[in-house]
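*Asks:* Take this sequence and fold it.
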Amino acid sequence: MSYRTALSEVLSTVIGPATAPTGSEPRFPRASVTALGRAGLLGLTVSTEFGGAGMGLPDAAEVVARTARLCPATAAVLQAHYAAVAVVESHGSAWIRGEIAAGRHLVSLALAEDGPNPQGTPGDFWAARSTATRTGDVVALRARKHQVVAAGEADSYIWSSRPLTAPEGLTLWAVPAHAPDLYVPARPDGGGPGGSATSTVVADPVLVPADVMLGRDGAGLDIVLRTVVPWLLELRAAVGAEALHPATSDVLLRAAPRAADSLAAS
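*Replies:* Now for the predicted structure:
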């Protein structure tokens, strides 16, 4: 079965009927996400080597655009998921890629922070306030991440922090949602379509294995600019700017040109 046929079935049998009636309280579209996973659509862009469909960004954009017509919340979840999977595909472990391909693993982005960073510029995600401290094979991450889609619902987050030892840049981590002391203090926090569970995620600290680092220490900015931003731009274009939640559109995309200049000068 083609992914288009699979998507049509999920849209008609699960996502469409589950769309909340006007005036009802929006809830996270868990049944829709589960159905998308079973249909192979969460693993759409994972390579066939790990059981995925091996499709690319244009295919993901089509899935998101068609989904957005019926359920903006599910589309927002897919946008964050596909952008995060693009990072996992290049830098993640075989295990997580296999779990995503099997439809059992939802990934999201935890990149946005507020307040002044160490350089004094509010909202600049490439100069994260988040800290990472390594002791042996364990890393302690401290941060308050905002505008996280599927907060408390995703299985893992692509998480940014200051580097462990590199003099500048970002370091990215695949943080398991079940890690002790990782919590969502409130939902929602005012961003994202209703039902997308867009909220704050706090680590104070959360302990993760050192081997969940994605890419090299300090290389996260390059990964964000060359992978996350292009995926978000394409997905945004597919569904319209209004359908992409603030954390992964206005904040991150507005910051990208300045971050690119900083990277080029380094």
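*Asks:* Is the residue nearest to residue 182 when sequence neighbours are not counted bridged to anything, and to what?
*Replies:* Spatial nearest neighbour of residue 182, chain neighbours left out: residue 206 (4.4 Å); criterion: C-beta to C-beta, 6 or more residues apart in numbering. (C-beta placed from N, C-alpha, C; glycine too.) Applying DSSP bridges to residue 206 gives these bridge partners: residue 141.
*Asks:* How many residues are close by residue 206?
*Replies:* 21 (other C-beta atoms under 10 Å).
*Asks:* How about the one 4 residues further on?
*Replies:* Neighbour count for residue 210, taken as other C-beta under 10 Å: 15.
*Asks:* separation between it and residue 160?
*Replies:* Distance check for residue 210 against residue 160: by C-beta to C-beta, to the nearest Å, it reads 16 Å.
*Asks:* Same check on residue 8?
*Replies:* Separation of residue 8 from residue 160 (C-beta to C-beta): 36 Å.
*Asks:* Which pLDDT value does the model give the residue nearest to residue 182?
*Replies:* At residue 206, the model reports a pLDDT of 96.
*Asks:* hang on, it packs against residue 177?
*Replies:* No: with contacts counted by C-beta atoms under 8 Å, residue 206 stays clear of residue 177, the gap being 10.1 Å.
*Asks:* where do the helices sit along the chain?
*Replies:* 3-10, 16-18, 30-38, 57-68, 72-91, 94-101, 220-223, 229-239, 250-265 (DSSP state H).
*Asks:* Make CSV from the ones you listed and add mean pLDDT and distance to residue 195 to it.
*Replies:* Shown next, in CSV, are these (pLDDT from 0 to 100; distance: least, C-beta to C-beta, whole Å):
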stretch, mean pLDDT, distance to residue 195
helix 3-10, 97, 17
helix 16-18, 88, 10
helix 30-38, 97, 10
helix 57-68, 96, 13
helix 72-91, 96, 3
helix 94-101, 98, 22
helix 220-223, 94, 29
helix 229-239, 91, 16
helix 250-265, 49, 20
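*Asks:* closest to residue 131 out of these?
*Replies:* Proximity to residue 131 (C-beta to C-beta) singles out helix 220-223 among the helices of the chain, at 13.8 Å.
*Asks:* Please name every helix or strand in contact with the closest one.
*Replies:* helix 72-91, strand 171-176, helix 250-265 (3 or more C-beta pairs under 8 Å, 6 or more residues apart in numbering; DSSP states H and E).
*Asks:* burial count for the closest residue to residue 113 other than its chain neighbours?
*Replies:* Spatial nearest neighbour of residue 113, excluding adjacent residues (C-beta to C-beta, 6+ apart): residue 129 at 5.5 Å. Here the count is done by other C-beta under 10 Å, and residue 129 has 17 residues near it.
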